[in-house]
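> pasting the sequence and the predicted model now:
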Number of protein chains: 2
Amino acid sequence: MAVKSRPGGRTARTKEAVFEAVAALVAERGHASVSMTDIADHAGVAATSLYRRWGDVRVLIMEVATEQLMREHPLPDTGSLAGDLRKWARKIAAGLRDPAGSSFFQALVATAMPGDQQSKMRPAAMQSRLGQIETMLERARRRGEKPPALADVMDHLLAPLYMRALFGTPASDAFAEKLVERLMKEG
Amino acid sequence: MAVKSRPGGRTARTKEAVFEAVAALVAERGHASVSMTDIADHAGVAATSLYRRWGDVRVLIMEVATEQLMREHPLPDTGSLAGDLRKWARKIAAGLRDPAGSSFFQALVATAMPGDQQSKMRPAAMQSRLGQIETMLERARRRGEKPPALADVMDHLLAPLYMRALFGTPASDAFAEKLVERLMKEG
């Protein structure tokens, strides 16, 4: 396919323009109101080439949402697991309170049935969060701390933050810290 | 509007047929692959009357999803809060493992930006769950138990169940019971 034949050149620049257009439009209006034509207009490319490459606007939005959410921020390294988790949870809460971050999270969860292309990308985005948690837990183990299990961090720190973002009452920094405190106490 | 002029008669029967069509189609293919035309064909009504009444297929699907998820099951009343919550959590976990229940949950969270019509219905569906929790907690208080806070049940029992349904590893009954045990221990 023509679009794949020039990595790093025109194709890479086009992809960048398209991704920027998607990010801007989704942040502005939410994923459900963004069409291939809108993206093509905004990026200055032909809608036909977007259809050729991504097929469906939801596939393209999901790809951009995953990239945005998986973007590697430097992981906190404060010297204690409680400190790391507090900083990390506050950053996630802040991201979910931000309109752009919230739009991408909504786009990420707004997928169709298990088994289709978008749903397969959702666990991939989660995988990246699990990798971050695992890194912090491993550091704690090397320091001789007794960290909680990976699943407990997911279920009792990440899940409440996500749930509140989904159901209309985004978490405050104080709430994020309270979750960490409870998790560390419980072990 | 003509469709609203005969409550309990033809209009009510039409609504019932439409809701049944939506439920069947969403359970079969997932909400993202269901169009107004599909629903009209399945229910044996004109697509134009669906557009006139619901405007957008997402509004209609959301209305059916909310109705399905808010349907009042008899709340467990086992004589202890731990028993009630275990039964209630197992039922929610089973619902989320079931393809139809999972489709409706996916439809419920797959809404657009805060502020639009669908997003306002999402907290309404959650409101019904919170009402169920509050009833169980109030009964426990009357028995002299010291129940956890409503928010803690939401964040540490409901959130992990929902999160696992969203990210591809639906919760087992055993997992649901483990969450209740942890919640009751923590208080």
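Received it, and whenever you're ready, just let me know what you need.
> give the burial count for A:Q127, as a bare number.
12 (other C-beta atoms under 10 Å in any protein chain shown). Where C-beta positions appear, they are placed from N, C-alpha and C, glycine not excepted.
> distance check, it against B:S103.
Taking C-beta to C-beta, to the nearest Å as the measure, A:Q127 falls 24 Å from B:S103.
> need the helices for chain A, in chain order.
For chain A, the helices defined by DSSP state H cover A:10-29, A:36-43, A:47-54, A:57-70, A:81-97, A:99-109, A:117-142, A:150-153, A:159-166, A:173-186.
> let me know the pLDDT of A:S172.
Per-residue pLDDT puts A:S172 at 95.
> neighbours around the nearest residue to it once chain neighbours are set aside, how many?
Computed as C-beta to C-beta, 6 or more residues apart in numbering or on different chains, the closest residue to A:S172 that is not its neighbour in sequence is A:A93, at 6.8 Å. For A:A93, the neighbour count with other C-beta under 10 Å is 24.
> show me the contacts for A:D155.
Counting by C-beta atoms under 8 Å, 6 or more residues apart in numbering or on different chains, A:D155 touches B:156, B:159-160, B:163-164, B:179.
> buried residues in the helix or strand bottoming out on mean pLDDT in chain A?
One helix or strand of chain A scores below all others by mean pLDDT, DSSP states H and E: helix A:99-109, with a mean of 77. With burial defined by 16 or more other C-beta atoms under 10 Å in any protein chain shown, the residues of helix A:99-109 counted as buried are A:101-109.
> ok, now stretch A:44-53?
For stretch A:44-53, burial by neighbour count (16+ other C-beta under 10 Å) applies to A:45, A:47, A:49-50, A:53.
> ok, now stretch A:177-187?
A:177-180, A:182-184.
> what of stretch A:154-168?
Under the neighbour-count criterion of 16+ other C-beta under 10 Å, stretch A:154-168 has A:154-167 buried.
> any idea of the mean pLDDT for it?
On average, stretch A:154-168 scores 90.
> so how far is it from its chain's centroid?
Here the centre of stretch A:154-168 is set off from its chain's centre by 13 Å, with C-alpha atoms, centre = their mean, to the nearest Å.
> picking that back up, can I get the buried residues of stretch A:154-168 in CSV including distance to A:S35?
Converted to CSV, the buried residues of stretch A:154-168 look like this (distance: C-beta to C-beta, whole Å):
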residue, distance to A:S35
A:M154, 35
A:D155, 37
A:H156, 39
A:L157, 36
A:L158, 32
A:A159, 33
A:P160, 34
A:L161, 31
A:Y162, 27
A:M163, 30
A:R164, 30
A:A165, 25
A:L166, 24
A:F167, 27
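> could you give the number of residues near A:M36?
Neighbourhood size, A:M36 [other C-beta under 10 Å]: 16.
> so how far is chain B from it?
16 Å (C-beta to the nearest C-beta, to the nearest Å).
> residues contacting that residue?
A:47, A:50-51, A:57, A:60.
> now, among the buried residues of helix A:99-109, which is nearest to chain B?
Closest approach to chain B among the buried residues of helix A:99-109 (C-beta to the nearest C-beta): A:V109, at 5.2 Å.
> wait, isn't that closest one in contact with B:L108?
No. With contact defined as C-beta atoms under 8 Å, A:V109 does not reach B:L108; the gap is 10.4 Å.
> save the buried residues of stretch A:177-187 as a markdown table, and put in distance to B:R142 too.
Formatted as a markdown table, these follow (distance: C-beta to C-beta, whole Å):
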| residue | distance to B:R142 |
| --- | --- |
| A:E177 | 33 |
| A:K178 | 28 |
| A:L179 | 30 |
| A:V180 | 34 |
| A:R182 | 27 |
| A:L183 | 31 |
| A:M184 | 34 |
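> which ones, among the residues you listed, also lie beside chain B?
With C-beta under 8 Å from any C-beta of the partner chain as the criterion, the buried residues of stretch A:177-187 include A:179, A:182 near chain B.
> which residues are contacting stretch A:80-90?
A:75-78, A:132, A:136-137, A:139-140, A:143, A:145, A:147, A:153, A:157, A:161, A:173, A:176-177, A:179-181, A:183-184.
> may I see the buried residues of it?
A:81-82, A:84-90.
> point out where chain A drops to low pLDDT.
Applying pLDDT under 70 to chain A picks out residues A:1-8, A:70, A:72, A:111-125, A:187.
> not counting sequence-adjacent ones, nearest residue to A:G79?
For A:G79, the spatially nearest residue (C-beta to C-beta, 6+ apart) is A:R143, at 7.9 Å.
> could you measure from A:S103 over to A:E28?
Taking C-beta to C-beta, one finds A:S103 at 8 Å from A:E28.
> an error on my part: the question was meant for A:Q132.
A:Q132 sits at a distance of 28 Å from A:E28 (criterion: C-beta to C-beta).
> compare the two (neighbour count), which wins?
A:Q132 (19 against 15).
> tell me the contacts of the nearest residue to the more buried one once chain neighbours are set aside?
Nearest residue to A:Q132, sequence neighbours excluded (C-beta to C-beta, 6+ apart): A:L75, at 5.7 Å. Contacts for A:L75 (C-beta under 8 Å, 6+ apart) come out as A:84, A:88, A:132, A:135-136.
> hmm, A:L150 and A:L130 touching each other?
Yes. Assessed by C-beta under 8 Å, A:L130 is found in contact with A:L150 at 6.6 Å.
> understood, closing this out.
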